[in-house]
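Participant: Kindly generate the corresponding structure for this input.
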Amino acid sequence: CEKLQTSQAVVPSDSNVTATEVKELAGSSSSPSLKTGGVCNITFVRVAEKHRRLLNVFIRQNPSLLEKSLSMMLKVPRLIDFDNKRAYFRSRIRQQHDQHLSAPLRISVRRAYVLEDSYNQLRLRRSQDLKGRLTVQFQGEEGIDAGGLTREWYQLLSRVIFDKGALLFTTVGNNATFQPNPNSVYQTEHLSYFKFVGRVVAKALFDGQLLDVHFTRSFYKHILGVKVTYHDIEAVDPDYYKNLKWMLENDVSDIPDLTFSMDPDEEKHILYEKNEVTDYELKPGGRNIRVTEETKHEYVDLVAEHILTTAIRPQINAFLEGFTELVPRELISLFHDKELELLISGLPEIDFDDLKANAEYIGYSPASPVILWFWEVVNGFSKEDMARFLQFVTGTSKVPLEGFKALQGISGPQRFQIHKAYGAPERLPSAHTCFNQLDLPEYSSKEQLEERLLLAIHEASEGFGFG
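Facilitator: Below is the predicted model of the structure:
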């Protein structure tokens, strides 16, 4: 569960910069702002901040601008809309494919052994071979792969990879998102399998194929090379997260036996049903080092690092070894974690009527003006904004197969809830993803609600703040 609350801060813009200057920046590859550093670069960023929408329209009309006069925006990717990032990503992938022409990549698999056969045929291939056009043959079946068999192969393979029986991944939180399973050590050649999975996910991105799989936020961050924080623990165990948050907000001087270690009960409770656990020292000699007011932030950081990274570091590294063979880290790092989910899994088909029919209200009623405005606003969202909204309130863009009546929370079935938020009327909406809960202030107009809600779902996606 994440409590998402966006920042109220606004980046100052240069009031002397005009739309004409923006067009000059977009239309001239010799713009001085792109050739010199310091003040000119700062000026360019201010222009881009102020005229972000206009610049993204230019890029949409002429994608090559990101490789020419507006290339500096790649250094500030939050200024670029997701669809423009995706188009740039695919353009770079095509360039990579054209520069290294590879022979077709042909595999022949048995449906009943799709994981084993695919693994055995792909694990020893050179990374260059994986860039070839994939064609799939299901043994014992007739048919020429014109694309349909490849799509089916991705679907079947991803279903088996993320099945509990494979021991590679495990669900956490609301059981809708996956993370490497520490118990994968009981799977023969488990790290080789993780490298294979990294290759498969990257190959899907390379080929423009979508996978019906959703990872935890912390795992997306690992793919992007972004540091995880203790906030990410909330998606795994909100109660444990609350304990850590309490420590940061209160004096811990009087807590006995609080040392830089985790006992077996903590490990077994947190680490995804890990079978064999022992007490773990968070730093050398940590079992004998007390946590103080001065060191509690270090303690919380080390706990987060252990739970979300160290405990599954070999699996993460093996996955990334396979993934980066096809997709360079510097290219994928254009996206933030929620955008990476959309890039891998695609924009979901969200049934607005089903979402509305299965909503619950706390502090409001279905007839409250704010609720009526809310549904009018959401019904007008683009497909991308609907996906961002779903990520904002549930933590993932995944739509339950049985519809929103089957939406899961941290403790089981939990429908989408809208709670009345008290406090300053101009504050932004916030969300508790482990409870599929939106805290919605009582705005004075539909226009204010729309502006605040859109700002919330976009700024939270870009990491402007977590409460």
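Participant: Strands along the stretch 251-400 of the chain, start to end?
Facilitator: Here the stretch 251-400 of the chain has its strands, by DSSP state E, counting those that start in this stretch, at 261-262, 280-281, 360-362.
Participant: Which one of the ones you listed lies nearest to Glu330?
Facilitator: strand 280-281 (33.7 Å; Cβ to Cβ). Placement of C-beta: from N, CA and C, glycine included.
Participant: Show me what that closest one packs onto, helices and strands only.
Facilitator: Contacts defined by 3 or more Cβ pairs under 8 Å, 6 or more residues apart in numbering; DSSP states H and E place strand 280-281 against strand 261-262.
Participant: Correct me if wrong: Ile344 contacts Asp212.
Facilitator: No. Ile344 is beyond contact range of Asp212, at 9.7 Å (criterion: Cβ atoms under 8 Å).
Participant: More neighbours: those two, which one.
Facilitator: Ile344 (21 against 14; other Cβ atoms under 10 Å).
Participant: Contacts only, for that one.
Facilitator: 201, 204-205, 210-211, 213, 215 (Cβ atoms under 8 Å, 6 or more residues apart in numbering).
Participant: let's see it at 7 Å
Facilitator: 201, 205, 211 (Cβ atoms under 7 Å, 6 or more residues apart in numbering).
Participant: same question, Ile312
Facilitator: With Cβ under 7 Å, 6+ apart, Ile312 has these contacts: 180, 182.
Participant: just the strands of the stretch 251-400 of the chain: most buried one?
Facilitator: strand 261-262 (a mean of 23; mean count of other Cβ atoms under 10 Å).
Participant: and that strand, which strands flank it?
Facilitator: strand 280-281 (antiparallel) (DSSP bridges).
Participant: isn't Ile410 right next to Pro238, touching?
Facilitator: Yes. Ile410 lies in contact with Pro238 (Cβ atoms under 7 Å); the separation is 5.7 Å.
Participant: Format the contacts of Ile344 as TSV; extra columns: neighbour count.
Facilitator: Below are those laid out as TSV (neighbours: other Cβ atoms under 10 Å):
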residue	neighbour count
Val201	24
Leu205	21
Leu211	19
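Participant: Sitting in helices, which of those do you find?
Facilitator: Using DSSP state H, the members of these that fall in helices are 201, 205.
Participant: just to revisit the earlier point, select, out of the strands of the stretch 251-400 of the chain, the one closest to Val399.
Facilitator: strand 360-362 (17.9 Å).
Participant: Provide the contact partners of the closest one at residue level.
Facilitator: Contacts of strand 360-362 (Cβ under 7 Å, 6+ apart): 371, 415, 417-420.
Participant: Between which two of the residues you listed is the distance greatest?
Facilitator: The farthest-apart pair in the contacts of strand 360-362, when distances are taken by Cβ to Cβ, is Arg415 and Lys420, at 16.7 Å.
Participant: the more surrounded of these two?
Facilitator: Between Arg415 and Lys420, Arg415 has the larger neighbour count (other Cβ under 10 Å), namely 18 against 15.
Participant: if I look at that one, how far off is Arg125?
Facilitator: Going from Arg415 to Arg125 by Cβ to Cβ, to the nearest Å gives 46 Å.
Participant: Also Leu66?
Facilitator: Leu66 is 32 Å from Arg125, by Cβ to Cβ.
Participant: which element follows the helix or strand containing Leu191 toward the C-terminus?
Facilitator: Element membership for Leu191, per DSSP states H and E: helix 190-207. Following helix 190-207 in sequence order, the next helix or strand is helix 217-224 (DSSP H and E).
Participant: Go through the helix or strand just after that next one and flag the buried ones.
Facilitator: Helices and strands here follow DSSP H and E; after helix 217-224, the next one along the chain is helix 238-249. Neighbour counts over helix 238-249 (16 or more other Cβ atoms under 10 Å) mark 238, 240-241, 244-245, 247 as buried.
Participant: circling back: more neighbours, Leu66 and Arg125?
Facilitator: Leu66 (22 against 14).
Participant: ok, for the more buried one, nearest residue in space, not its chain neighbours?
Facilitator: Leaving aside its sequence neighbours, Leu66 sits nearest to Tyr88 (Cβ to Cβ, 6 or more residues apart in numbering; 5.0 Å).
Participant: again with Leu156
Facilitator: Val114 (5.0 Å).
Participant: what's the pLDDT at the residue nearest to Leu191 when sequence neighbours are not counted?
Facilitator: The shortest distance from Leu191 to any residue other than its chain neighbours is 4.2 Å, reached at Ala318 (Cβ to Cβ, 6+ apart). Looking at Ala318, its pLDDT reads 98.
Participant: Likewise for Gly147?
Facilitator: pLDDT for Gly147: 72.
Participant: and it, how far is that from Gly346?
Facilitator: Counting by Cβ to Cβ - Gly147 and Gly346 are separated by 16 Å.
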